[in-house]
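Asker: sequence and predicted structure, then a few things I'm wondering about:
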Amino acid sequence: MTGQEHDRVAVANQFQHGRYVFVSSLLSRDMCMQLARSIDHLPCRRVTVGDHPETWDELRTDFHDELTATFRTNPVLGLVLAALGRGGRKVADDHVTCWVNRYRVGEYIPRHTDASGTATDTGELGYVLTPGDAVLFHPTAVEHWTTPLIPSPTEPEPVRVVAVGRYYL
């Protein structure tokens, strides 16, 4: 299903039964590139999941205007509310947390579930996967991970940038 065409009933059914929804082209390529440029200057820290040794960069957005606004407005917020079977209500600022994960060669997130959150929307901002695609999933119920980022002859030093919006509703 595409971001521009998602049927609210179909999204809600898929999310309730499968605990996730894949949406292609939720955001335009231009919007993804604009967001990617806007986060380049943000401070980052190395993070991991639990006691796993794998680490990657996490860029804290802390109410970064462009990125957090993207996760708090349509089409992204509309997708989340549709998946949860809720109408077009507003979401309080403290009910959405945003950050960006940046992976370099060999980096990945190991398989895990999260301790909290009603829904997580991850959007690819570019470089390796299709920019603008998103996966909305229930972070405490769906095991999730990324694969190690590997170089190729055409991209010897790839970077994967993923924007994350975590909803507490």
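Answerer: Sure, I can see it. Residues are numbered from 1 along each chain as shown.
Asker: and the helices in the protein?
Answerer: 8-18, 29-39, 65-72, 76-83 (DSSP state H).
Asker: least confident of those, on average?
Answerer: Per-stretch mean pLDDT for those is lowest at helix 65-72 (a mean of 78).
Asker: which helices and strands sit right next to that one?
Answerer: helix 29-39, strand 96-103, strand 160-167 (3 or more Cβ pairs under 8 Å, 6 or more residues apart in numbering; DSSP states H and E). Yep, even glycine has a C-beta here, placed from its N, CA and C like the rest.
Asker: count of residues packed around residue 133?
Answerer: 18 (other Cβ atoms under 10 Å).
Asker: before we move on, back to that, tell me which of the helices of the chain lies nearest to residue 146.
Answerer: Residue 146 lies closest to helix 29-39 among the helices of the chain, at 17.3 Å (Cβ to Cβ).
Asker: show me what that closest one is packed against.
Answerer: So helix 29-39, by 3+ Cβ pairs under 8 Å, 6+ apart, packs with helix 65-72, strand 119-126, strand 160-167.
Asker: now stretch 68-85, how far from the centre of its chain.
Answerer: Relative to the chain's own centre, stretch 68-85 is displaced by 12 Å; criterion: Cα atoms, centre = their mean, to the nearest Å.
Asker: same question for stretch 101-118.
Answerer: Centroid separation for stretch 101-118 versus its chain: 11 Å, with Cα atoms, centre = their mean.
Asker: buried residues in that stretch?
Answerer: 101-103, 107-109, 114, 117 (16 or more other Cβ atoms under 10 Å).
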